[in-house]
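S.K.: Curious how this folds, go ahead:
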Amino acid sequence: RMQARVHLRLEPVDCSEARTSGDCMILSDPIVTLGPKVREFLGFDDEYDESELAQRCDIANALISGCKGALKRGPMGSYEIVNVRCHVEEIDADGGIVSLKALPGTIRAASSTILTA
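M.R.: This is a model prediction of the structure:
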């Protein structure tokens, strides 16, 4: 059994970034970003955005999709969280990057419980 850890920060999306309709902000899907420590752990620099990282790296794809899934399910299971940025600041796993490369589903499982654990 392998364990992984995900440290993140949730912050509201600034109204200037979001689409607006008059005085009301239109609901938008959560945005997941990877911080410098995560990029260093995965061996990437800042030249790639998250969508490119997800295509290039199974671990990044598992991490991003796990976070997005958790945010879409929400803390109560049926109320998704919208208009937020989920900034993943740090990840770690028993056995380090080698074990995550062997079992990328571990980080997906860890990140999919970010709101309930």
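
S.K.: This structure: strands as residue ranges?
M.R.: 4-12, 20-21, 24-25, 31-34, 84-93 (DSSP state E).

S.K.: Lowest average pLDDT across the ones you listed?
M.R.: The weakest mean pLDDT among these belongs to strand 20-21, with a mean of 56.

S.K.: mind checking the longest helix of this protein?
M.R.: Across the chain, the helix with the greatest residue count (assigned by DSSP state H) is helix 58-73.

S.K.: Need the contact partners of that one.
M.R.: Helix 58-73 is contacted from outside by 6, 8, 29-30, 32, 34, 38, 42, 44, 50, 53-55, 80-81, 84, 86, 88, 91, 97, 100-101, 104-105, 107-116, using CB atoms under 8 Å, 6 or more residues apart in numbering. (Glycine included, C-beta is placed from N, CA and C.)

S.K.: now that helix, how far from the chain's geometric center?
M.R.: Averaging C-alpha positions (CA atoms, centre = their mean, to the nearest Å) puts helix 58-73 5 Å from its chain's average.
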